[in-house]
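In: sequence and predicted structure, then a few things I'm wondering about:
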Amino acid sequence: MKPISIIYSTARRDCKFEWFLAALQKQASTDLENVQLILVDFWAEEMKPEDNWDAGAALIRNVTTRGLVKTLAPSLKDFELTPVMPSPWQGRHRLTAVNWFAASSVRSTGICLAKHETLCFVDDLSCPTSTWWSAVKEAADRGQITAGAYRKVRELNCAEGEILCYIDAPDGHDNRYPHGSDTGPVPCGGNWLYGCNLVGPTEAFLQINGYPIAWCDGLGFEDVIAGIMLEKKGWKFFYDRRQMTFEDRDLHFVGQVMKRSDYGVSPNDKSHAVLHAAQHGDGWHPNYFGEGGIRALRERVLAGEPFPICLCPEHEFFTGTPLKDL
């Protein structure tokens, strides 16, 4: 198999990481020597005092998480736990008054730490179905972008790497699912790329300068926008229902929920402005990574340098509002 860097991201204190670890061990135990698992965890470092989280809590979080990996995925030897790169939108370096949704920064953090030529992104509160790992390996071999399926359910109960029971939630169904196939991948467009479950070459995400931080942090919508940019660069897309994860829908609303806003009134709003920029651009997003973009930043990070504290921008681009007022 091709070596794979899995990027699991969370901003939740109870993210159910144990579900994923147990499933990974069960499905991929003989392959884990070729797997790097990166957990990008909002709570892995000391927060600002107003976030009610301190260095002691962060240390306990780190120790507990590493203990879970040793217990539930003993075959996994390459594990990295990291906070999100310094961001003006969230975390201890933020410029905003409160923590905002910043998934582009989270996913770009994982890209910079990934050692391998294939990336696999997985969201928290999720458990893979029994065919997930075999589909992931096939996706890696294809060398293009594969969007996996998802289903958000209620009262998800998982144990020993398997989904035991749940309550179906029709509003949590994947709207792409009826157009897929249970026997293998089907071609699709870049706008089918959802960030919760996907596989693709690291090179593809370097070519678009990572996930669109400058456009989408504080907003969301980063997955579809990244898909459109990747398609601009000539990458092909597939959707595979076998690459399926189940997520607990109700737990999404437990604890701190990151703030986000789509300023304006549709169609004259921020999301449409971002969509227009992606559709009419060349597949490159102007992130604040300095000379050489995310490719050069990744080289420095993999060489052992820390992420730079570069808190740009200072204003929300659509309204011009200073971030310190948000």
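Out: Alright, I've got the coordinates. Numbers count the residues shown, from 1 in each chain.

In: please make it C-alpha for all contacts and neighbour counts, starting now.
Out: OK.

In: give the contact list for Ile163.
Out: Cys127, Thr129, Leu156, Asn157 (Cα atoms under 8 Å, 6 or more residues apart in numbering).

In: swap the cut-off to 7 Å and go again
Out: Asn157 (Cα atoms under 7 Å, 6 or more residues apart in numbering).

In: which SS class is it?
Out: strand (DSSP: H, G, I helix; E, B strand; the rest coil).

In: can you name the residues bridging to it?
Out: For Ile163, the beta-bridge partners under DSSP bridges are Cys158.

In: distance check, Met85 against Ser108.
Out: Using Cα to Cα, to the nearest Å, Met85 is found at 8 Å from Ser108.

In: so which residue is smack in the middle of this protein?
Out: Arg107 (4.5 Å; Cα atoms, centre = their mean).

In: need the next SSE after the strand or helix carrying it, C-terminal direction.
Out: Using DSSP states H and E, Arg107 sits within helix 103-113. Note on helix 103-113: by DSSP H and E, the next helix or strand toward the C-terminus is strand 118-123.

In: and that following strand, what does it pack onto?
Out: Counting contacts by 3 or more Cα pairs under 7 Å, 6 or more residues apart in numbering; DSSP states H and E, strand 118-123 is packed against strand 4-10, strand 197-201.

In: which is the next helix or strand following that strand?
Out: Next along from strand 118-123, by DSSP H and E: strand 126-128.

In: mind listing what's buried along the lengthiest helix in the chain?
Out: Across the chain, the longest stretch assigned as helix under DSSP state H is helix 55-72. For helix 55-72, the neighbour count (16 or more other Cα atoms under 10 Å) marks Ala57, Ala58, Arg61, Asn62, Thr65, Val69, Leu72 as buried.

In: against His173, how distant is the residue nearest to the last one when sequence neighbours are not counted?
Out: In this case it means Leu72. Closest residue in space to Leu72, ignoring its immediate chain neighbours: Ala22 at 5.3 Å, by Cα to Cα, 6 or more residues apart in numbering. Counting by Cα to Cα, the gap from Ala22 to His173 is 24 Å.

In: neighbours around Trp192, how many?
Out: When counting by other Cα atoms under 10 Å, one arrives at 20 neighbours for Trp192.

In: again, but for Gly234
Out: Using other Cα under 10 Å: Gly234 sits among 11 other residues.

In: report the contact partners of it.
Out: Counted by Cα under 7 Å, 6+ apart, Gly234 has zero contacts.

In: for it, helix, strand, or coil?
Out: Going by three-state DSSP: Gly234 is coil.

In: if we can go back for a sec, of Ala22 and His173, which one has the most company?
Out: Between Ala22 and His173, counted using other Cα under 10 Å, the more crowded position is Ala22 (25 against 16).

In: residues contacting that one?
Out: Ala22 touches Leu72, Ala73, Glu160, Gly161, counting by Cα under 7 Å, 6+ apart.

In: is it true that Ala140 touches Lys2?
Out: Yes. The criterion here is Cα atoms under 7 Å, and Ala140 meets it with Lys2 at 6.5 Å.

In: the two - which one has more neighbours?
Out: Per other Cα under 10 Å, whichever of Ala140 and Lys2 has more neighbours is Ala140, with 22 against 16.

In: from Leu37, how far out is the more buried one?
Out: 15 Å.

In: how about Ile145?
Out: Taking Cα to Cα, one finds Ile145 at 19 Å from Leu37.

In: more neighbours: these two, which one.
Out: A side-by-side neighbour count of Ile145 and Leu37, using other Cα under 10 Å, places Ile145 first with 28 against 23.

In: and that one, what's its pLDDT?
Out: Note for Ile145: predicted pLDDT of 98.

In: what's across from it in the sheet?
Out: Beta bridges link Ile145 to Phe237 when assigned by DSSP bridges.

In: quick one, what contacts it?
Out: Residues in contact with Ile145 (Cα under 7 Å, 6+ apart) are Val199, Gly200, Trp235, Lys236, Phe237, Phe238.

In: any idea which of those residues is closest to Val186?
Out: Nearest to Val186 among these: Phe238, at 5.3 Å, using Cα to Cα.

In: the closest one contacts Ala147, correct?
Out: Yes. Look at Phe238 against Ala147 with Cα under 7 Å: they come within range, at 6.1 Å.

In: quick one, which of these two is more surrounded?
Out: Between Phe238 and Ala147, counting by other Cα under 10 Å, Ala147 is the more crowded of the two (30 against 23).
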